[in-house]
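S.K.: Got a predicted model here, sequence first, then my questions.
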Amino acid sequence: MSAAYEFRVGGHLDGHWSNILAGLALTHGSDGTSTLTGPVADQSQLHGVLAGLRDLGAPLLAVRALPPSVGGVTDPLAALTWPRRTERLLLRPARPEDAEVTWRFRRLESVCRWITEVPTSEESYRATFTDPARLATTLVIELDGEVIGDLMLRVDDAWAQKEVVDQARATQAELGWVLDPSFAGNGYATEAVRELVCICFDELGLRRVTATCFADNEASWRLMERLGMRREVHAVADALHRSGEWLDSYGYALLVEEWRGASRA
């Protein structure tokens with residue numbers, strides 16, 4: 001099975017080297033480097049690319065395997081083993097057929113009051129939900145075979161100064177969650193998001209996770225605090241609600257060392 005790789009070398013390579021080196025996409029950096037990116041079919045082809053760069057005399061500065069992607073969107077979930085079971089729940093990547101059941105609770109006023117978009121119809125919601133970019137970052141929560149909620153895990157690059165930008169790529173994730181209100185009050189959301197944090201730190205090797213919410217969404221920020229996340233941001237009247245009111249928002253974060261320290265304690 002092919003995997004995507006990124007090769008960064010010193011100097012600006014001529015465009016024809018893209019075809020010679022497995023058809024990898026070639027871009028030139030303002031710092032005088034070149035980057036070749038694209039799928040590599042197997043280890044034999046990988047060795048061929050490395051040998052070609054060596055024969056070319058281009059100094060290899062960095063090489064890394066890229067997370068799998070769907071529709072050009074990073075899909076770290078595809079590289080993991082599913083489904084994932086907690087004490088009471090099952091987590092798995094979302095599928096197109098999950099649109100119908102998630103629509104049933106996402107259209108409720110008590111839910112869509114806090115989420116980014118109110119679905120105007122099941123058809124429009126289905127089109128959004130089944131977009132490859134959305135599916136690539138979405139998990140569903142099952143209880144005894146019934147879908148009761150969904151989760152978002154979106155891996156991001158951290159901000160970095162130019163000289164160390166490569167070291168900041170895909171090092172953190174933004175998390176999100178929605179639970180069917182008929183299942184609220186049983187700790188299911190906390191249990192599911194705790195497992196999501198474990199996946200981020202223990203399997204994806206991330207160093208930081210973040211989450212945001214309206215300050216009035218007390219249930220959401222209390223969940224973050226139960227997981228040990230820190231409130232890093234209280235932005236005053238920075239978020240325009242669809243009601244027309246400017247609301248405060250909170251930003252929370254958790255570092256891997258904080259998570260592991262709390263686990264040991």
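M.R.: Sure thing, it's come through.

S.K.: what mean pLDDT does the longest helix seen in the chain have?
M.R.: For the chain, the longest helix by residue count, based on DSSP state H, is helix 43-56. Taken as a whole, helix 43-56 has a mean pLDDT of 86.

S.K.: ditto for stretch 121-128
M.R.: Averaged across stretch 121-128, the pLDDT comes to 92.

S.K.: Now do the buried residues in it.
M.R.: Under the neighbour-count criterion of 16 or more other Cβ atoms under 10 Å, stretch 121-128 has 125, 126 buried. Yep, even glycine has a C-beta here, placed from its N, CA and C like the rest.

S.K.: any idea where the helices of this structure begin and end?
M.R.: For the chain, the helices defined by DSSP H occupy 17-20, 43-56, 99-106, 109-112, 122-129, 132-135, 188-198, 218-226, 256-264.

S.K.: Quick one: closest of those to residue 147.
M.R.: Proximity to residue 147 (Cβ to Cβ) singles out helix 99-106 among the helices of the chain, at 4.5 Å.

S.K.: quick one on the thing from earlier: identify whichever of the helices of the chain lies nearest to residue 34.
M.R.: Set against residue 34 and scored by Cβ to Cβ, the helices of the chain come closest in helix 17-20, at 8.4 Å.

S.K.: and the closest one, how far from the chain's centre?
M.R.: A distance of 32 Å separates the centroid of the chain from that of helix 17-20, by Cα atoms, centre = their mean, to the nearest Å.

S.K.: And for stretch 5-23?
M.R.: Relative to the centre of its chain, stretch 5-23 is centred 28 Å away, using Cα atoms, centre = their mean.

S.K.: Residues contacting it, please?
M.R.: If you take Cβ atoms under 8 Å, 6 or more residues apart in numbering as the criterion, stretch 5-23 is touched by 24-26, 28-29, 32-41, 45-46, 48-50, 52-53, 56, 58-66, 166.

S.K.: repeat for stretch 75-86
M.R.: With Cβ under 8 Å, 6+ apart as the test, stretch 75-86 has contacts from 67-70, 90-93, 136-137, 139, 142, 153, 155, 170, 191-192, 194-195, 199, 203-204.

S.K.: what residues are up against the nearest residue to residue 107 once chain neighbours are set aside?
M.R.: Once flanking residues are discounted, residue 107 sits nearest to residue 119: 5.3 Å by Cβ to Cβ, 6 or more residues apart in numbering. By Cβ under 8 Å, 6+ apart, residue 119 lies in contact with 103, 106, 107, 112, 125, 128.

S.K.: what's the burial count for the first one?
M.R.: With neighbours defined by other Cβ atoms under 10 Å, the count for residue 103 comes to 17.
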